[in-house]
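[1] Okay, here's the prediction I keep looking at, along with the sequence it came from:
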Amino acid sequence: MKRFFFLVLIFQNAFSQEIPLNVQKLIKAYPDQIIGYKDNKIIFSDKSSLLYDDFKNKTNQELLDNPDIEDQFKFVYNKADKNLVPKEDAGRIRNEAFFKKIYGNSKSEVESRMTEIIWCPKLVNQKIKVTTVNGIDKIVKKLSAELDNNPEFKKYINAIGGTFSWRKISGTNRLSMHSYGMTIDINVKNSNYWQWDCKCKNEEVTLWYRNQIPLKLVSIFEKYGFIWGGNWKHYDTMHFEYRPELLL
């Protein structure tokens with residue numbers, strides 16, 4: 001029996017050493033879609049694969065415009081902290097092919113996996129559409145139920161700005177994460193967005209960070225696997241997207 005457990009331990013260690021840590025996080029975050037890793041490729045449940053690391057050095061703009069999957073972990077996402085002014089864009093780097101594999105390759109494919117739920121029935125009672133992929137609809141219901149018990153957040157979570165919208169990010173050719181139905185913009189009246197504040201779309205511009213969202217509210221979203229756009233240098237404080245791999 002001891003020999004058996006010893007062999008299991010050896011196998012587990014070999015598994016951990018062979019598969020990069022960040023790939024392990026992806027497998028844990030998306031177990032229904034990602035089943036393995038081999039020869040520098042992410043293996044999906046339909047047996048297709050995507051390149052993990054292209055081993056290219058990239059500028060910050062190239063990381064945004066042409067990232068590989070490994071680049072998504074370029075910057076460490078730090079949970080909301082009142083003493084922390086973000087200097088990087090952790091979570092804003094996204095490989096479009098990867099998320100299309102997870103959530104759908106087209107608007108119609110994503111829509112076929114959507115469902116409607118009631119957002120914060122007591123405080124807001126607003127119908128929203130979210131994806132059922134990865135059980136995100138169930139996760140959002142749990143998130144909604146917890147927020148519903150915090151009336152002090154009502155002005156931030158009522159009349160939310162949007163969930164599903166297949167579109168490009170303003171000023172770019174990059175597909176918005178709202179295109180996948182796993183992103184929530186809360187009330188825009190109490191939010192800040194870098195493009196609104198600088199009145200520009202130049203991602204090289206010098207920015208002065210602004211935020212009105214309570215960090216206690218942010219921490220509830222993070223508890224359920226959502227990262228916050230207010231943790232970006234290019235801040236988008238209304239924005240929350242489901243990226244549990246960055247919180248592991």
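    The structure has been received and is ready for your questions. Residues are numbered from 1 along each chain as shown.

[2] how about the strands in this structure?
    Using DSSP state E, the strands found in the chain span residues 34-38, 41-44, 49-51, 114-119, 126-131, 183-185, 226-228, 239-242.

[3] got a pLDDT number for the residue nearest to residue 81 when sequence neighbours are not counted?
    Of all residues not flanking residue 81 in the chain, residue 215 sits nearest, at 7.4 Å (CB to CB, 6 or more residues apart in numbering). C-betas here are computed from N, CA, C, even on glycine. Residue 215 is assigned 96 on the pLDDT scale.

[4] Residue 78 is nearest to which of the strands of the chain?
    strand 226-228 (10.1 Å; CB to CB).

[5] tell me the mean pLDDT over the closest one?
    Mean pLDDT, computed over strand 226-228, is 98.

[6] That one packs against which elements?
    Applying 3 or more CB pairs under 8 Å, 6 or more residues apart in numbering; DSSP states H and E, we find strand 226-228 packed against helix 215-223, strand 239-242.

[7] do that again at 10 Å, thanks
    With contacts taken as 3 or more CB pairs under 10 Å, 6 or more residues apart in numbering; DSSP states H and E, strand 226-228 sits against helix 136-147, strand 183-185, helix 215-223, strand 239-242.

[8] Pull the residues that contact it.
    Taking contacts as CB atoms under 10 Å, 6 or more residues apart in numbering, the residues outside strand 226-228 that touch it are 77, 79-80, 86, 90-92, 136, 139-140, 143, 182-184, 211, 213, 215, 217-222, 235-247.

[9] List only buried entries from the residues you listed.
    77, 80, 86, 90-92, 136, 139-140, 143, 182-184, 211, 213, 215, 217-218, 220-222, 235-247 (16 or more other CB atoms under 10 Å).

[10] quick one: residue 154 from residue 217, how far?
    Distance of residue 154 to residue 217, given as CB to CB, to the nearest Å: 11 Å.

[11] what is in contact with these two at once?
    By CB under 10 Å, 6+ apart, the residues touching both residue 154 and residue 217 are residue 147.

[12] tell me the contacts of the residue lying closest to residue 87 once chain neighbours are set aside?
    Closest residue to residue 87 apart from its sequence neighbours, by CB to CB, 6+ apart: residue 233 at 5.8 Å. Residues near residue 233 by CB under 10 Å, 6+ apart: 60, 75, 85-90, 92, 194, 203, 207, 209.
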